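Asks: build me a structure from this.
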Amino acid sequence: MIKKPIQRVIFLVVWFVPLHSAIAEMAEYASIKQLLIQAIDAPDGKTSGILTGNIASFLRKATHSNLPLIANVTTVGKFSQPGCKRLNIHLSQPGVKTTTGESENFDVAYGINFCRDGDIPQVGNRFEPLRALN
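Replies: Modelled structure (predicted):
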């Protein structure tokens, strides 16, 4: 039987090396707004990157981890107002220590209505989920 410290080292090598390679290739963004606009403009409605600005600093303090904060933004629908979409934001940070000392991924996801100009859609605009767009 492999002892627990050795299991952790093996796990980290198997898990972190491919993750580190993927993270190294990701662009860095000081603001989530940049990612939101890119998702609105992307043909597939998706974008991702590493957050480095105020949100990242706040969450790093909260998680007590200096590992990268990864943001994935996907479009889930659009509004009748041009340049306005419903977006899902998923933030994750690998290997955050829990109160029991275990290492887990920090994950939070939320939705936002956002327009390319930085505003929210005007009241009364109709929202269409992506499944209805196909």
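
Asks: tell me the buried residues in stretch 37-55?
Replies: Ile37, Gln38, Ala39, Ile40, Gly45, Thr47, Ser48, Gly49, Leu51, Ile55 (16 or more other CB atoms under 10 Å). Where C-beta positions appear, they are placed from N, C-alpha and C, glycine not excepted.

Asks: name the nearest residue to the fifth one, ignoring sequence neighbours.
Replies: Of all residues beyond its chain neighbours, the one nearest Gly45 is Thr75 (3.0 Å), with distances taken as CB to CB, 6 or more residues apart in numbering.

Asks: same deal with the last one?
Replies: Taking CB to CB, 6+ apart, and ignoring the residues beside it in sequence, Ile55 has Ile32 as its nearest neighbour in space, at 5.9 Å.

Asks: my read: that neighbour touches Ile89, true?
Replies: Yes: the pair Ile32 / Ile89 is scored as a contact, 6.8 Å apart, by CB atoms under 8 Å.

Asks: can you list the weak-confidence ranges in this structure?
Replies: The chain contains residues with pLDDT under 70 at 1-24, 131-134.

Asks: just the helices in this structure please.
Replies: 4-24, 32-41, 54-63, 130-133 (DSSP state H).

Asks: quick one on the thing from earlier: adding distance to Asn66, write the buried residues of stretch 37-55 out as CSV.
Replies: Converted to CSV, the buried residues of stretch 37-55 look like this (distance: CB to CB, whole Å):
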residue, distance to Asn66
Ile37, 27
Gln38, 25
Ala39, 26
Ile40, 31
Gly45, 31
Thr47, 24
Ser48, 20
Gly49, 17
Leu51, 13
Ile55, 15
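
Asks: identify the farthest-apart pair in those.
Replies: Largest separation among the buried residues of stretch 37-55 by CB to CB: Gly45 and Ile55, giving 21.4 Å.
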